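1. Take this sequence and fold it.
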Amino acid sequence: MKTLITKGKLSVVTLFLTSLNTPILFANQNQFEHDFFYAGAKFGSIRYQHGCEPWAIGCDKRDTAFAGFFGYQLNDELFIESSLIDLGEVNATYFESGLFVPYQGEMNAWDITVGYDLTLTDNFKAFTKIGVVNWYGKNSSPSFEIKDDGFAATASVGFKYDIADKWQARIAYQYIDDLGSNKLGSSNGHIGWLGISYLFKNSKPIKAAEPAPVIKEKPQERIIPAITTKKVVIKPQTTTVLFDFDSTAFHKHSDFINLIQHLKQYPTTSVEITAYTDSLGSEQYNLALSERRALNVKQTLIEHGIEKSRISINYRGELDPITNNETKENRRLNRRATLVTSEIEVEIAEGTAND
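-> This is a model prediction of the structure:
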């Protein structure tokens, strides 16, 4: 008799998650901010293709499915994902020995898959996954109960949409091949999913500049200098920071830290920030994204003690690229913000000793 298996909670996913080779997963996270963990939930509708025998008096082989999932985005394209799934149930009635006998099949599962993302726009991706499902099923009637478990192959296709910096919606179709066994019966599973996930993105921390060492000198005789001053022109300082794909998180390097120190050293200096995007996505979206990037750089300067009155911003979207957008590396270089300080004139004291 074809199976029908489901509902319950699986502690086996906890075992799977704790058994992952986490040192390998974390190894490069500080170097690549676009690598991150994510978690979410999804619900959908499942249909068991062969949920009942042909001689069933009544058969309900559709039900609602629920799942929680956890994953790790390895880079812009590849990810690993695991789900804990309630695959619903099938109910059927058969005429046996002069009686109408009800049967119920229930099934739960967890899966592990490897996936590939294809970027369509800045915030829209298509994806596909393949992997294996570990299922746990039960088939029961008023007079008996049978349980079994096993493995089956699975594949999914769908789309992901970034609805905010760290929130992502998805829609997908999942196929599970030969779900069940000879003991319980088997059926192909077809599931349509809607889901949402939270992305645990982290930006690289800024390392504070180390203070200059204090050098103790031997006491000397007090000399009263004759004070004179001269005017010196402090030339503008310029640096560029790069952004992750479709993100306001940027890479803070030593030149960025040096520019902050320059602004602190010369408190009358102002700084202008101009932010850009690559050409993926619409012009309107890219203009808004470049504005958010400029504001994030401004906020970072404020958090490091620079007065907001000294900071001005511009945002240009995909205009004025420094190179073409034909390759992934070129698009990375175009996702940038330039910071330019003002030129100022300061007076520096000079002294000569009196005899």
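
2. and stretch 185-199, which residues are buried?
-> In terms of neighbour count (16 or more other CB atoms under 10 Å), stretch 185-199 has its buried residues at Gly185, Ser186, Ser187, Asn188, Gly189, Ile191, Trp193, Gly195, Ser197, Leu199. From N, CA and C alone the C-beta is placed, and that goes for glycine too.

3. any idea of the mean pLDDT for that stretch?
-> The average of the pLDDT scores along stretch 185-199 is 91.

4. same question, stretch 147-154
-> On average, stretch 147-154 scores 93.

5. and if you look at stretch 56-66?
-> Here the average pLDDT along stretch 56-66 is 88.

6. Now do the end-to-end distance for that stretch.
-> 27 Å (CA to CA, to the nearest Å).

7. quick one on the thing from earlier: which of the buried residues of stretch 185-199 lies closest to Ala294?
-> The nearest member of these to Ala294, counting by CB to CB, is Leu199 at 22.3 Å.

8. how about the closest residue to Asp86 other than its chain neighbours, phi and psi?
-> Distances taken as CB to CB, 6 or more residues apart in numbering put Phe66 closest to Asp86, at 4.6 Å, once the chain neighbours are dropped. When read as degrees, to the nearest 10, the backbone of Phe66 gives phi -130, psi 150.

9. From Asp177, how far out is Phe66?
-> 21 Å (CB to CB, to the nearest Å).

10. quick one: average confidence on the helix or strand encompassing Asn286?
-> Counting by DSSP states H and E, the element that carries Asn286 is helix 283-303. In this model, helix 283-303 has an average pLDDT of 94.

11. which residues touch it?
-> 121-123, 206, 241, 243, 246, 248-250, 252, 260, 263, 271, 273-279, 281, 308, 311, 313-318, 337, 339 (CB atoms under 8 Å, 6 or more residues apart in numbering).

12. Can you give me the buried ones in that helix?
-> For helix 283-303, by 16+ other CB under 10 Å, it's 285-287, 289-291, 293-294, 296-298, 300-301.

13. Can you lay out the residues you listed as JSON lines showing distance to Tyr94?
-> Listed next are these as JSON lines, based on distance: CB to CB, whole Å:
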{"residue": "Tyr285", "distance to Tyr94": "57"}
{"residue": "Asn286", "distance to Tyr94": "61"}
{"residue": "Leu287", "distance to Tyr94": "64"}
{"residue": "Leu289", "distance to Tyr94": "60"}
{"residue": "Ser290", "distance to Tyr94": "65"}
{"residue": "Glu291", "distance to Tyr94": "65"}
{"residue": "Arg293", "distance to Tyr94": "64"}
{"residue": "Ala294", "distance to Tyr94": "68"}
{"residue": "Asn296", "distance to Tyr94": "64"}
{"residue": "Val297", "distance to Tyr94": "69"}
{"residue": "Lys298", "distance to Tyr94": "71"}
{"residue": "Thr300", "distance to Tyr94": "68"}
{"residue": "Leu301", "distance to Tyr94": "73"}
